[in-house]
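Return a 3D structure for these sequence lines:
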Amino acid sequence: MYISVYQKFLKALKHYNNSKKKLSILIAISGGQDSLCLVQLIEKYNIINQYFKDIEYIYIDHQWRCDSKQQIKHLINYINSTKHKISIYQINYNDMSELMARRIRYQILIKHAKNHQQQIICTGHNKTDHTETFLINLIRGTGLEGLYSIPLIRKINQRTYLFRPLIDINRTDILWFCRKYNLPIWSDKTNFNYKNHRNRIRHEMLPYLKEYFSPQIEKHISDFLDLSSLENEYIKQNAIKIYLISRDKNYIAMNYKFIKNQHIALQKRVLQIFFYYHFNKFLNKKIVYKILNNINKNHMSKIVIIWHNLYINIYKNWIYIQ
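Residues are numbered from 1 along each chain as shown. Below you'll find the model as predicted:
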């Protein structure tokens, strides 16, 4: 089991960086089994190979629990044994949603990494997290793009990458690893609050699917996500090529004759790229189909669609924005 966990960790590291240049890494921890497993793997590997020139840990405390101060002390004591620095951030908004808390966490991580010139932000997301996120997004009604939402590597900006070296390791193997090395896992009572959708999926939905449908449900979902990721990447690359051909180089405009005869999946993607690139906005389903219905008809007069504060003009093979 240890070989399996360690080998998958090594595979993730090799996949991330083939260069000999040593990088600085910021590791987000929580005190749970995933983050302590990550600490153990990185520290042991770096002692032998000196892979990272600088390691720093970061903990973001939402102060949701009555034992948050004790947990901070616990983490500081543990990280001190590694001889590396740990930074603590505290958030004082107790009534924020889970989604908002997640956004703030990532904002803090990215800003901290930028200020300290760290090229890698590392988190302890694992294979089971990936399965849970897939089920959450599926219930919310996501498309193909939203299914594979926790990749191994994600580029944040020109200097910084988000890296998840445990993403191919399931939670059961991580727990075994932690017990083998007697890692001091901090038990988080909020993980059993069923108002949180992820907790309900973790403790009720997945065990039910394993018991009554397939013991290998996590593997089947993982295989499906891998296949979907390849197909999604193919569609994405083709959409980008079409967008680059159809866009105007001087104005916020796009010649839609290049997408008119394409499959609707590519038409939708190209439109999404156009609006996200210029306005950082995701088109909703209603507006996407309204635009597509109009560009696939032969209108002699100009069509204007109002969305938020944008005037989307469709006229003579062109979409342009006012």
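
give me phi/psi at the closest residue to Ala101 other than its chain neighbours?
Leaving aside its chain neighbours, Ala101 sits nearest to His62 (5.7 Å; criterion: C-beta to C-beta, 6 or more residues apart in numbering). (Each C-beta comes from the backbone N, C-alpha and C, glycine too.) Per-residue torsions, His62: phi -80, psi -10 (degrees, to the nearest 10).

His62 - how many residues pack around it?
Neighbour count for His62, taken as other C-beta atoms under 10 Å: 18.

For it, give me the pLDDT.
His62 is assigned 80 on the pLDDT scale.

from memory it sits against Met100, does it?
No. At 10.4 Å, His62 does not count as touching Met100 under the criterion of C-beta atoms under 8 Å.

picking that back up, where's the residue nearest to Ala101 relative to Tyr89, distance?
Plainly put, His62 is 10 Å away from Tyr89 if you go by C-beta to C-beta, to the nearest Å.

For the helix or strand that Ile305 is a member of, what is the distance to the chain centroid?
Using DSSP states H and E, Ile305 sits within strand 303-307. For strand 303-307, the distance from its own C-alpha centre to the chain's C-alpha centre is 33 Å (C-alpha atoms, centre = their mean, to the nearest Å).

Ok, stretch 217-235 next?
15 Å.

Please apply the same query to stretch 294-301.
Distance of stretch 294-301 from the chain centroid (C-alpha atoms, centre = their mean) equals 39 Å.

Past the helix or strand containing Lys44, which element shows up next along the chain?
Assessed by DSSP H and E, Lys44 sits inside helix 33-49. Next helix or strand after helix 33-49 toward the C-terminus (DSSP H and E): strand 52-61.

low pLDDT regions in this protein?
1-3, 16-20, 93-94, 148-149, 190, 298-299 (pLDDT under 70).

Report all helices and strands that the longest helix belonging to it contacts.
The helix that spans the most residues within the chain, counting by DSSP state H, is helix 217-246. Applying 3 or more C-beta pairs under 8 Å, 6 or more residues apart in numbering; DSSP states H and E, one finds that helix 217-246 contacts helix 127-140, helix 144-147, helix 206-212, strand 253-255, helix 264-279.

again, 7 Å this time
Counting contacts by 3 or more C-beta pairs under 7 Å, 6 or more residues apart in numbering; DSSP states H and E, helix 217-246 packs against helix 127-140, helix 144-147, helix 264-279.

For Cys66, find the nearest of these.
Cys66 sits nearest to helix 127-140 of all the helices and strands packed on helix 217-246, at 25.6 Å, using C-beta to C-beta.

and that closest one, what other elements does it pack with?
Helix 127-140 packs on helix 144-147, helix 197-200, helix 217-246, going by 3+ C-beta pairs under 7 Å, 6+ apart.

burial measure for Cys122, as a count.
Counted with other C-beta under 10 Å, the neighbours of Cys122 add up to 27.

pretty sure it contacts Ser24?
No. Assessed by C-beta atoms under 7 Å, Cys122 is found out of contact with Ser24, at 10.9 Å.

Can I get the helices and strands packed on helix 217-246 in JSON lines including mean neighbour count and distance to Gly31?
As requested, these are exported to JSON lines (neighbours: other C-beta atoms under 10 Å; distance: least, C-beta to C-beta, whole Å):
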{"stretch": "helix 127-140", "mean neighbour count": "18", "distance to Gly31": "16"}
{"stretch": "helix 144-147", "mean neighbour count": "15", "distance to Gly31": "29"}
{"stretch": "helix 264-279", "mean neighbour count": "18", "distance to Gly31": "36"}
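
Using CSV, please lay out those helices together with distance to Ile48.
Below are those laid out as CSV (distance: least, C-beta to C-beta, whole Å):
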stretch, distance to Ile48
helix 127-140, 25
helix 144-147, 37
helix 264-279, 43
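
Out of those helices, which is closest to Ala253?
Nearest of the helices and strands packed on helix 217-246 (C-beta to C-beta): helix 264-279, 9.2 Å.

Just the CA atoms of the closest one, as CSV, please.
Provided in CSV are the C-alpha atoms of helix 264-279 (Å, rounded to 0.1, in the frame of the first residue of the first chain):
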residue,chain,number,x,y,z
ILE,A,264,-23.7,23.1,-32.2
ALA,A,265,-21.2,21.9,-29.5
LEU,A,266,-18.4,23.9,-31.2
GLN,A,267,-20.7,26.9,-31.8
LYS,A,268,-21.5,27.1,-28.1
ARG,A,269,-17.9,26.8,-27.1
VAL,A,270,-16.7,29.5,-29.4
LEU,A,271,-19.4,31.9,-28.1
GLN,A,272,-18.4,31.2,-24.5
ILE,A,273,-14.7,31.8,-25.3
PHE,A,274,-15.6,35.1,-27.0
PHE,A,275,-17.6,36.5,-24.1
TYR,A,276,-15.3,35.2,-21.4
TYR,A,277,-12.2,36.6,-23.1
HIS,A,278,-13.6,40.1,-23.6
PHE,A,279,-15.9,40.4,-20.6
